[in-house]
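Chemist: predicted model and sequence follow; I will ask about them next.
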Amino acid sequence: LGGWSRPFNALCLDASLPFCRHLNMSGHGSAPGMACCSARNKAGGGSNPQDSQMRWKEAFCSWCYEHTVHYYVAKMQFYMCDACKGKTTPSSASRDCMARIEHGKLACARSDPNYSEVVRRKEEVFAREQTVQEIFLEMQRESRFKQQAVEEGLIRPFLLLVSMSPPLRALLAVQLGWCPFVQPAFGEAHDEAWDILTKKNAGLRSRCLSRMGKLNPFTPQRDWVGLLNHIARVMFIPSYMSWSDTFTSDKLGREEGLAESCRAHSKKVDMFEGEMMEKVWKQQRSKMNKFQMSFITQLLATPDMKHLLALQAKKGWDRHNIALLAIDCSYLQLSRDKHLEKANVIEPEEIASLMTFFLSARTSLAESLLDETGITCKVRVPSPSSVLSAFWEPLWLTMGTLQVKPFSPQARFFPVVMQILLQKERLKLCQISLSSPEFSRPERR
C-alpha cells in the first residue's frame with residue numbers, strides 16, 4: 001500500500017503513490033497547485049480511453065521478484081512497484097512481468113536464464129528465522145568487511161545493517177538502486193551490509209556525494225559522522241541558518257568525527273542520531289491535523305498502549321519520542337489501509353500490534369510483547385518469504401513530510417539512514433546494545 005503522507009491539513013489517503021504532493025495530477029486537494037497522486041486517467045478528465053489501463057497493473061516485479069501492483073506515475077512516465085518502491089516499466093520480453101529500470105537500463109526477471117535459481121535462493125534466505133541470539137552472533141562474527149568498516153569509520157552502521165532481517169536489507173538495496181537478489185553475495189549479511197554502504201556509484205556513501213564530488217576522483221570518502229553531517233546539512237539546516245541554530249549537538253570535525261566513527265559505540269554520535277530522529281518526529285507531528293493529534297492522544301491513554309509502553313520500558317527501552325514516531329508511522333499506514341478497505345475505524349489494538357511488529361526486527365519479540373500485554377494481534381502479518389515482512393511501509397509513508405521529491409538524491413539515501421537509526425532502537429528492544437564489549441573489537445589499525 002504505497003504512498004507518502006500529504007503535509008497539509010489532512011493526509012492524502014486517496015493517494016496511491018509516494019510524494020503525492022509533487023505529482024500534480026488531479027487537483028482534488030484544497031491547497032492551490034497541490035494534487036493527489038491518483039491515476040493518470042483522472043488527469044485532464046480522463047478523455048484518453050487507454051488511461052484506465054495505465055492507472056495500475058498487476059504483474060511480476062523484476063526488483064522484488066514478487067507478484068505485485070504497479071502504479072503509474074504520470075509526471076515521471078514510469079510505474080512504481082507498490083511492495084518494494086522500485087521503478088518499473090512494462091517488459092517487452094514477458095507480458096506478465098514489469099522490467100526494472102536499473103541505472104538507466106531495463107532488466108526483465110523472467111528473461112533471466114537464472115530466474116528459477118534466483119527465486120529459489122530468495123525464498124530460502126527469507127525463510128530463515130532470526131532469533132535474538134543469532135542476530136547477536138552475526139554482529140559479533142569477524143570478516144574482512146567488518147575490519148574494513150572499522151578502518152573506514154563505518155563500523156556503527158555496518159553492525160546495524162548486519163543485524164537487519166534479509167527482507168529489510170533487500171529493500172534498502174532497491175531504494176539505493178540495485179536488485180540484491182541477482183548479486184552473488186545475496187544472503188551473506190556482511191557482504192550485503194558492505195555493499196549498502198560502499199557499492200560504487202550506488203551505495204550510501206556514493207549517494208551522499210554532491211554532483212561535483214562524484215566528478216572529482218580525489219574527493220575524500222566520508223565516514224559515518226561525515227555522512228550524518230551531510231544529511232543534517234541537506235535535510236534540516238536551511239541556507240539562512242547555522243548548525244548551532246538547528247542542532248544542540250556540537251558538530252564534530254573531520255578528525256574527531258573519524259575517531260568517533262571508528263568505534264561501534266559513541267555517546268556523541270548516539271546523541272546526534274537521537275536528535276535527528278526527534279526532528280523527523282517533530283516535523284511529522286507538525287503536519288498532522290487536530291483530529292489526528294486528538295486520536296493519537298486518546299490512544300496513548302488506553303490501557304493496552306500504556307501497558308505496552310510500560311513493558312518496553314521494563315525491558316530497558318524508554319525512548320518516548322521514538323515510540324511516538326513509531327505510533328505516528330503506524331497510524332499513517334492504518335489510515336491508508338482503512339481508506340482502501342473503505343473502513344472508518346482504527347482500533348487501538350491495531351496500532352499497538354503494528355507498532356510492535358514495526359519495532360520487532362522480525363524476531364519473535366513482537367509475539368512475546370503482545371502475549372505479555374494481552375493485546376490481540378489485529379494486523380495482517382505478511383509471509384516471511386515476502387519483502388512486506390520487513391514492515392517498510394510505516395516509515396515510507398512519513399517521508400513526504402520532509403518535502404523530498406521522488407527518486408531525488410535525498411529520496412535515495414534518507415530512508416536508508418532512517419532505517420539504520422531505527423534499527424538501533426529495535427536492537428535496544430531486543431536488549432542488544434552497541435556499547436557491549438563484544439563490539440569494541442577489532443580496533444582500528
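Modeler: Right, received. Where do you want to start?
Chemist: show me where the stretch 301-445 of the chain dips below the pLDDT cut-off.
Modeler: 401, 441-445 (pLDDT under 70).
Chemist: is it true that residue 83 touches residue 387?
Modeler: Yes - between residue 83 and residue 387 a contact is recorded at 5.6 Å, counting by C-beta atoms under 8 Å. For glycine as for every other residue, the C-beta is placed from the backbone atoms N, C-alpha and C.
Chemist: now do the shared contacts for those two.
Modeler: Shared contacts of residue 83 and residue 387 (C-beta atoms under 8 Å, 6 or more residues apart in numbering): 64, 66.
Chemist: list the contacts for residue 83?
Modeler: Residue 83 neighbours (C-beta under 8 Å, 6+ apart): 61, 64, 66, 68, 69, 386, 387, 388.
Chemist: make CSV from the residues you listed and add neighbour count and secondary structure to it.
Modeler: Converted to CSV, the contacts of residue 83 look like this (neighbours: other C-beta atoms under 10 Å; DSSP: H, G, I helix; E, B strand; the rest coil):
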residue, neighbour count, secondary structure
61, 27, strand
64, 28, coil
66, 17, coil
68, 23, strand
69, 17, strand
386, 16, coil
387, 25, helix
388, 22, helix
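Chemist: of all the residues you listed, which comes closest to residue 322?
Modeler: Residue 322 lies nearest to residue 388 out of those, by C-beta to C-beta, at 22.6 Å.
Chemist: which residues are contacting stretch 235-247?
Modeler: Counting by C-beta under 8 Å, 6+ apart, 232, 233, 251, 272, 275, 276, 279, 402, 410, 414 sit against stretch 235-247.
Chemist: just these now: which is nearest residue 105?
Modeler: For the contacts of stretch 235-247, the nearest to residue 105 is residue 410 (23.4 Å; C-beta to C-beta).
Chemist: what's the burial count for that closest one?
Modeler: Neighbourhood size, residue 410 [other C-beta atoms under 10 Å]: 18.
Chemist: same thing with residue 376?
Modeler: Around residue 376 there are 12 residues (other C-beta under 10 Å).
Chemist: how about the secondary structure of it?
Modeler: Secondary structure assignment for residue 376 (DSSP: H, G, I helix; E, B strand; the rest coil): coil.
Chemist: what about the helix or strand harbouring residue 157, average pLDDT?
Modeler: Of the helices and strands defined by DSSP states H and E, residue 157 is found in helix 155-162. Mean per-residue pLDDT for helix 155-162: 96.
Chemist: what packs against the very next helix or strand once past that helix?
Modeler: The C-terminal neighbour of helix 155-162 among helices and strands, as given by DSSP H and E, is helix 166-176. Contacts defined by 3 or more C-beta pairs under 8 Å, 6 or more residues apart in numbering; DSSP states H and E place helix 166-176 against helix 115-126, helix 189-198, helix 409-429.
Chemist: tell me which of these sits nearest to residue 268.
Modeler: Among those, the nearest to residue 268 by C-beta to C-beta is helix 409-429 (14.6 Å).
Chemist: where's that closest one relative to the chain centroid, distance-wise?
Modeler: Centroid displacement of helix 409-429 relative to its chain, using C-alpha atoms, centre = their mean, to the nearest Å, is 6 Å.
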